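[1] this one's sequence-less:
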């Protein structure tokens, strides 16, 4: 299994902020207009390339905008079909309070704005399963991964790893 984390692209994105003389704010309009979509496009393209090395590629990224957009999901499915692969979406189910605590513990610069404006930020986050993901005929699999505690994490890992391996 190849594991890719979109956060690996953050240093490159931070250079874009610096080159543009913009503050590093991953919640800003500048980020949304000039960086965000390119990070996602790049990590997906790297993931498709990684299928040359293994038949399971896991991309760790929120895809918060993409999972709500049928056209984007279809574009992902089309790219994957060119490699004989299919899209499996793992939706992480976590309590908002747990997300907050994990951000505090992570102590990352990328969370500064979110933590300083938590009430404003959390109103923009929808923890429900997006409608396009619930469609059984959409051409992808949906796996729920419960992760509000260590016990939930372990149980989810034990359940989904065999599922992913049997699908390849």
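    Thanks, I have the structure now. Please read all numbers here as calculations on a predicted model, not as lab measurements.
[2] in the protein, which spans are strands?
    Secondary structure of the chain by DSSP state E: the strands cover 2-5, 57-60, 88-93, 141-146.
[3] and these: which comes nearest residue 68?
    strand 88-93 (11.9 Å; CB to CB). Where C-beta positions appear, they are placed from N, C-alpha and C, glycine not excepted.
[4] elements contacting that closest one?
    strand 141-146, helix 150-167 (3 or more CB pairs under 8 Å, 6 or more residues apart in numbering; DSSP states H and E).
[5] make CSV out of these and add distance to residue 125 and mean neighbour count.
    As requested, the helices and strands packed on strand 88-93 are exported to CSV (distance: least, CB to CB, whole Å; neighbours: other CB atoms under 10 Å):
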stretch, distance to residue 125, mean neighbour count
strand 141-146, 17, 16
helix 150-167, 19, 12
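[6] turn those into a markdown table, including distance to residue 103.
    Shown next, in a markdown table, are the helices and strands packed on strand 88-93 (distance: least, CB to CB, whole Å):
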| stretch | distance to residue 103 |
| --- | --- |
| strand 141-146 | 18 |
| helix 150-167 | 17 |
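[7] let me have those in TSV, extended by distance to residue 48 and mean pLDDT.
    Output for the helices and strands packed on strand 88-93, formatted as TSV (distance: least, CB to CB, whole Å; pLDDT from 0 to 100):
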stretch	distance to residue 48	mean pLDDT
strand 141-146	18	88
helix 150-167	17	86
